[in-house]
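[1] curious how this folds, go ahead:
(one chain, ligands or ions: 1)
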Amino acid sequence: MQTSQDGTGRFYITTPIYYMNALPHLGHAYTTVLCDVMARYHRLWGDDTYFLTGSDEHGEKIAQAALASGESPQAFVDRISLAFRETWTKLGISNDDFIRTTEPRHQAVVQRILQEIYDRGDIYFGSYGGQYCLGCERFLAERELVDGRCPDHGTEPAYIEEKNYFFRMSKYQDWLIAYLNEHPDAVQPEQYRGEVLSFLRSPLEDLCISRPKSRLTWGIPLPFDDNYVTYVWFDALINYISALGYPDGELYQRYWPAAYHVTAKDILKPHAIYWPTMLKAAGIPVYRGLRVHGYWGVDQAKMSKSRGNVVRPLDLSDKYGVDAFRYFLIREMTFGQDASFSEEAFVMRYNAELANDLGNLLNRTLHMIGRYCDGRIPSPGDEQTEERRTFIERVLSTPAQVRQAISDWNPQGAVLATLELVRAANLYLELRAPWTAYKRGDQAHVNATLYDVASALRWTAVLLYPVMPGKMTALWQALGQPGQPAWQDGRQWETLAPGAAIQRGEVLFPRQELVLQETAS
Ligand code: ME8
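    As a prediction, the model looks like this:
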């Protein structure tokens with residue numbers, strides 16, 4: 001059976017490399033957790049998976065932030081980049097590599113690609129004046145401005161005119177339109193693909209790809225003119241292949257054909273327009289897919305430093321546990337749409353779904369297995385009733401639903417399908433009432449019921465493992481299973497071996513009270 005979306009059994013997934021001008025917030029955590037969850041699902045069913053994240057360390061925005069904090073740019077990015085890596089470790093992120101754009105391995109590839117495109121005649125020297133948004137680190141077309149301001153940053157762009165190098169992006173406009181039409185899967189969800197195609201209906205301008213060193217020194221020098229450094233996007237996008245050791249690296253050969261980039265909608269254009277045309281100009285195949293998600297707001301407002309409502313991921317994971325935080329992010333946001341964060345909603349979901357639905361099911365099941373079955377997973381027996389068959393069918397169809405949801409880039413759907421299974425198991429317990437069967441001495445009924453529910457819990461541990469690796473390992477071990485949750489293909493029911501001794505440890509998801517603290521911004 002082919003196991004990945006590209007039919008090769010391989011899966012390469014990347015986060016954006018975040019700007020190292022401030023500490024990570026909820027938005028960065030979401031994309032990174034999401035990619036981690038996707039990578040872990042693919043690893044679960046045996047795909048050869050590679051997961052990359054990293055840091056974008058050059059450019060004016062970062063040089064200014066370093067200046068403001070009184071540090072050299074290098075010392076500043078060293079510090080922030082370390083903070084990002086520490087955050088990812090604490091959030092259980094299982095990336096295979098972390099690329100920094102200040103690393104020589106990256107700079108060498110950027111210079112090589114610049115030279116290649118220059119030699120092919122697609123980079124030229126010219127003069128340009130335009131509206132530059134520092135927040136976006138790009139020139140905005142007049143038609144992108146709203147009331148003279150950048151719609152994303154709410155700031156007025158600065159008019160900049162200077163002599164620079166340009167990438168002949170306009171030359172690739174027709175090619176890109178044809179490519180996107182022939183590869184409808186390249187940019188998804190559909191609304192974002194539509195946005196790109198609609199932007200491409202107007203003429204595409206060439207891309208300014210340099211900054212004079214007289215104005216900015218914090219960047220990679222152009223290999224063909226030492227008076228200039230590379231523009232941030234031309235530098236940053238290349239991380240996706242420099243980290244794989246382009247052009248000769250084994251990792252590049254192995255993973256580039258299976259590449260999926262994940263970003264939020266703010267950087268759709270650089271990823272859907274600049275990057276494919278850059279790749280085309282350099283003679284490199286286009287990535288397999290760009291997957292674009294929406295924006296997190298906080299309590300219905302935009303998250304921003306000036307509003308003082310920036311959500312720090314470690315505050316939440318320290319308070320409620322890393323797995324609960326990961327669960328909420330994936331469960332709450334529908335991929336592609338915007339979502340709003342509030343601690344009330346977080347605690348409500350936690351209590352209803354993790355503490356009640358899942359936590360109580362586990363507590364009751366372990367308690368009854370302890371009491372009625374000598375603390376060992378009972379034998380399933382051979383009862384063939386309709387209600388039992390229906391439940392078993394239900395359990396066995398869930399793994400396929402989860403797998404389909406992941407292949408559709410619907411991780412929320414994967415979580416909800418598993419949650420439905422948990423709810424069905426709670427109903428099954430009520431319906432079968434093993435406690436009354438025990439009183440009347442019907443041990444076969446008790447055993448069959450508790451075996452079935454324990455099997456559902458076993459699958460729950462497997463199916464939610466990518467989202468909550470720590471807690472689902474604890475659940476798995478509570479059921480007396482060795483090691484960590486493992487996927488088993490096939491529809492066989494008896495994957496849970498009878499006789500295993502259950503382990504009753506700490507409560508998996510203790511109920512939480514909502515305590516809101518004033519947090520310093
Ligand atoms: O754009 N909701 O870096 P960046 C959801 N360095 N996701 C959010 C978010 C929010 N409110 N805010 C940020 C850059 N993100 C470039 C990328 S890639 C070659 C170079 C996430 O630090 C989301 O993934 O501004 C978004 O696309 C990214 O952070 C932007 O990060």
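
[2] mind listing what Asp97 touches?
    Asp97 makes contact with 50, 52, 54, 243 under the criterion C-beta atoms under 8 Å, 6 or more residues apart in numbering. In short, each C-beta sits where N, CA and C put it, glycine included.

[3] what pLDDT does it get?
    Note for Asp97: predicted pLDDT of 98.

[4] now for this protein, the helix or strand with the poorest mean pLDDT.
    The weakest-scoring helix or strand in the chain, judged by mean pLDDT, DSSP states H and E, is strand 301-302 (a mean of 83).

[5] what's that one in contact with?
    Contacts of strand 301-302 (C-beta under 8 Å, 6+ apart): 295, 307, 309.

[6] put the buried members of those into a PyMOL selection.
    Selection command for PyMOL covering only the buried members of the contacts of strand 301-302, criterion 16 or more other C-beta atoms under 10 Å:
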select buried, resi 295+309
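
[7] contacting residues for Leu200?
    173, 176-177, 180, 273.

[8] pLDDT weak spots in the chain?
    For the chain, applying pLDDT under 70 flags the ranges 1-8, 490-492, 517-521.

[9] follow-up on the earlier one: which of the contacts of strand 301-302 lies closest to Ser202?
    Nearest to Ser202, judged by C-beta to C-beta, of the contacts of strand 301-302 is Tyr295 at 24.6 Å.

[10] how about the nearest residue to Gln188, chain neighbours excluded?
    In this structure, Gln188 finds its nearest non-sequential neighbour in Arg291, 6.0 Å apart by C-beta to C-beta, 6 or more residues apart in numbering.

[11] out of the contacts of Asp97, flag the one nearest to Gly381.
    Looking across these and measuring by C-beta to C-beta, the closest to Gly381 is Tyr50, at 44.9 Å.

[12] I figured that closest one hits Tyr12, correct?
    Yes. Between Tyr50 and Tyr12 there is a contact at 4.7 Å, judged by C-beta atoms under 8 Å.

[13] okay, and the common contacts of these two?
    244, 255.

[14] between these two, tell me which one has more neighbours.
    Between Tyr50 and Tyr12, counted using other C-beta atoms under 10 Å, the more crowded position is Tyr12 (29 against 23).

[15] which of the contacts of Asp97 fall within strands?
    Here DSSP state E is the test, and the contacts of Asp97 give 50, 52, 54 as lying in strands.

[16] against the ligand, how distant is the second one?
    By that I understand Leu52. Distance from Leu52 to the ligand, counting by C-beta to the nearest ligand atom, to the nearest Å: 11 Å.

[17] distance of the spatially closest residue to that residue that is not a sequence neighbour relative to the ligand?
    Nearest residue to Leu52, sequence neighbours excluded (C-beta to C-beta, 6+ apart): Thr14, at 4.7 Å. Separation of Thr14 from the ligand (C-beta to the nearest ligand atom): 8 Å.

[18] backbone dihedrals for Thr14, both of them.
    Main-chain torsions, Thr14, degrees, to the nearest 10: phi -130, psi 150.

[19] so the residue nearest to Gln188 sits in a strand?
    Yes. Assessed with DSSP: H, G, I helix; E, B strand; the rest coil, Arg291 lies in a strand.

[20] and the residue in the chain that the ligand sits nearest to, how many neighbours?
    Proximity of the chain to the ligand (C-beta to the nearest ligand atom) peaks at Gly27, 2.1 Å away. Using other C-beta under 10 Å, Gly27 is surrounded by 20 other residues.

[21] now do the contacts for it.
    Residues in contact with Gly27 (C-beta under 8 Å, 6+ apart) are 264, 295-296, 303.

[22] one more: Cys133?
    With contact set as C-beta under 8 Å, 6+ apart, Cys133 has these partners: 139-140, 150, 152-153, 155, 157.

[23] at 10 Å instead, please
    139-140, 144-145, 149-153, 155-158 (C-beta atoms under 10 Å, 6 or more residues apart in numbering).

[24] that one pairs with what?
    Beta-bridge pairing for Cys133 (DSSP bridges): Arg138.

[25] from Ser81, how far out is it?
    Noted for Cys133: a distance of 24 Å to Ser81, by C-beta to C-beta, to the nearest Å.

[26] same check, this time on Lys90
    If you go by C-beta to C-beta, the gap between Lys90 and Ser81 works out to 15 Å.

[27] looking at these two, which is more packed in?
    More crowded of Lys90 and Ser81, by other C-beta under 10 Å: Ser81, with 21 against 13.

[28] so what's the residue count around the residue lying closest to the more buried one once chain neighbours are set aside?
    Counting by C-beta to C-beta, 6+ apart, Ser81 lies nearest to Ser55, which is 4.4 Å off, once chain neighbours are set aside. By other C-beta under 10 Å, the residues close to Ser55 number 25.

[29] wait, Ser55 sits on Thr102?
    Yes. Taking contacts as C-beta atoms under 10 Å, Ser55 lies within contact range of Thr102: 8.4 Å.

[30] find the residues that touch each one of the two.
    Listed contacts common to Ser55 and Thr102 are 20, 77-78, 81; contacts here mean C-beta under 10 Å, 6+ apart.

[31] of those residues, closest to Leu237?
    Of the shared contacts of Ser55 and Thr102, the one sitting nearest to Leu237 (C-beta to C-beta) turns out to be Met20, at 16.2 Å.

[32] contacts only, for the closest one.
    Met20 neighbours (C-beta under 10 Å, 6+ apart): 54-59, 61-62, 65-66, 73, 76-84, 100-102.

[33] if we go to 8 Å?
    So Met20 contacts 55-57, 62, 76-77, 80-81, 84 (C-beta under 8 Å, 6+ apart).

[34] residue numbers of the stretch 1-150 of the chain in contact with the ligand?
    Neighbours of the ligand within the stretch 1-150 of the chain, by C-beta under 6 Å from any ligand atom: 16-19, 27-28, 30-31, 56.

[35] hang on, the earlier thing: if I look at the residue nearest to Ser81, how far off is Pro16?
    Distance from Ser55 to Pro16, by C-beta to C-beta: 10 Å.

[36] strands of the stretch 151-300 of the chain, start to end?
    Counting by DSSP state E, counting those that start in this stretch, one finds strands in the stretch 151-300 of the chain at the ranges 158-167, 187-188, 207-208, 210-212, 221-222, 225-230, 259-264, 289-293, 296-298.

[37] okay, those strands in JSON lines with distance to Ser127 and mean neighbour count next?
    Converted to JSON lines, the strands of the stretch 151-300 of the chain look like this (distance: least, C-beta to C-beta, whole Å; neighbours: other C-beta atoms under 10 Å):
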{"stretch": "strand 158-167", "distance to Ser127": "5", "mean neighbour count": "16"}
{"stretch": "strand 187-188", "distance to Ser127": "32", "mean neighbour count": "22"}
{"stretch": "strand 207-208", "distance to Ser127": "10", "mean neighbour count": "22"}
{"stretch": "strand 210-212", "distance to Ser127": "12", "mean neighbour count": "21"}
{"stretch": "strand 221-222", "distance to Ser127": "16", "mean neighbour count": "21"}
{"stretch": "strand 225-230", "distance to Ser127": "13", "mean neighbour count": "18"}
{"stretch": "strand 259-264", "distance to Ser127": "31", "mean neighbour count": "21"}
{"stretch": "strand 289-293", "distance to Ser127": "32", "mean neighbour count": "22"}
{"stretch": "strand 296-298", "distance to Ser127": "40", "mean neighbour count": "19"}
